[in-house]
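[1] only geometry, no sequence info:
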């Protein structure tokens, strides 16, 4: 069964080449444009990875993000990345989120692939 990356950041669009590379590695990508859609999709599909825009989420999605990202050893918890127009350090400080999970826009494709696949134990070559 493919892994699922949900993107809840309307300005963020991954290039076709990156989506194809993710697909070859067994990962589907889904886009959602509104926080309410994202909250419902997170509940329904329990994605493996979630990319969320900073500052646009209502409280229920914020709670869901934190619930999904708990480091409790359960394999069905997603890794949640926070995106925004600030630096990783500023996003981490502002949202009290781990710096390594904060990605400034635009997201570097090789960085994203490394972050996604280092958590699955899959070895990936990045360029």
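    Received, thanks. Predicted, not measured: the structure shown is a model, and the values here were computed from it.

[2] Report all helices and strands that the host helix or strand of residue 29 contacts.
    Residue 29 belongs to strand 27-31 when assigned by DSSP states H and E. Here strand 27-31 touches strand 3-8, helix 16-24, going by 3 or more CB pairs under 8 Å, 6 or more residues apart in numbering; DSSP states H and E. Heads up, the C-betas are built off the backbone N, CA and C, glycines and all.

[3] Among the ones you listed, single out whichever gets nearest to residue 105.
    Closest approach to residue 105 among the helices and strands packed on strand 27-31 (CB to CB): strand 3-8, 11.6 Å.

[4] got the angle for the closest one vs strand 27-31?
    If you take axes from the mean of the first three to the mean of the last three CA atoms, to 10 degrees, strand 3-8 sits at 20 degrees to strand 27-31.

[5] which residues touch strand 3-8?
    Residues from elsewhere that reach strand 3-8 (CB atoms under 8 Å, 6 or more residues apart in numbering): 14, 22, 26-32, 35, 37-38, 41-42, 45, 47-53, 57, 61, 116, 120.

[6] again, only using 6 Å
    27-32, 38, 41, 47-52 (CB atoms under 6 Å, 6 or more residues apart in numbering).

[7] Tell me the strands beside it, with direction?
    strand 27-31 (parallel), strand 49-53 (parallel) (DSSP bridges).

[8] chain center to it: distance?
    Mean-position distance between strand 3-8 and its chain equals 6 Å (CA atoms, centre = their mean, to the nearest Å).

[9] Thanks a lot, catch you later.
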